[in-house]
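S.K.: Structural data only, the sequence is not supplied:
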């Protein structure tokens, strides 16, 4: 494992040292590709945006401010490339990350399914693989109902665990806008999830099993 920081690797690439960019690509491959797949809703398109993102990193390397962190800058470029793709294809489709999202009984202390339980499906390992695939597909479908601006802030906050200030930096928006968008994004996700997973009536058959419990990650850090 290369001990150099992202900023050191980018500087090495700027000075022509071979292999530095390859290390950066490998280091951020999984996180960035997962983010892009959720954002654009298509694996092939996400791969294209991923490649375009690192091509832009190469082209813009000399403009990078070394006093900033590399990862927010990288995700700024990726989010912008994804927005361009979504515009081109015309594919617009009091809460927090622990808020209940309705539906059948879940794993929270009050028996409700929570947003964090649903979003953890990408890392948990339920015994029933078919159920895991079903829940992942449902979560992705709910995410795709969000507007791109809400979707990207939600994914940066949850999957990439960037702080509010880092998201503001990455998306080049005010801190207050980050907080209001995140609030709106979780509310929109909850509404979409409820519409796809209505609470069963008393006469209905037993509800399907909710996602299994998962550890709750901390919400985005305060600035």
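M.R.: Cool, got the structure. All figures in this text were calculated on a predicted structure; none of them were measured in a lab.

S.K.: need the helices for this structure, in chain order.
M.R.: 6-14, 20-40, 43-60, 70-89, 115-119, 129-144, 148-158, 164-171, 175-196 (DSSP state H).

S.K.: mind listing what's buried in the third one?
M.R.: Of all the residues in helix 43-60, those buried under the rule 16 or more other CB atoms under 10 Å are 45-46, 49-50, 52-54, 57. Where C-beta positions appear, they are placed from N, C-alpha and C, glycine not excepted.

S.K.: Give me the pLDDT for residue 26.
M.R.: With respect to pLDDT, residue 26 scores 92.

S.K.: how near is it to residue 189?
M.R.: 31 Å (CB to CB, to the nearest Å).

S.K.: Please apply the same query to residue 36.
M.R.: Distance from residue 36 to residue 189, by CB to CB: 18 Å.

S.K.: go on, residue 153?
M.R.: Residue 153 is 11 Å from residue 189, by CB to CB.

S.K.: Likewise for residue 51?
M.R.: 29 Å.

S.K.: What of residue 86?
M.R.: As judged by CB to CB, residue 86 and residue 189 stand 18 Å apart.

S.K.: Switch the buried residues of helix 43-60 over to CSV; also include pLDDT.
M.R.: Formatted as CSV, the buried residues of helix 43-60 follow (pLDDT from 0 to 100):
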residue, pLDDT
45, 89
46, 90
49, 91
50, 93
52, 91
53, 92
54, 92
57, 91
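
S.K.: Using CSV, lay out these together with distance to residue 1.
M.R.: Converted to CSV, the buried residues of helix 43-60 look like this (distance: CB to CB, whole Å):
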residue, distance to residue 1
45, 30
46, 25
49, 26
50, 21
52, 27
53, 23
54, 20
57, 20
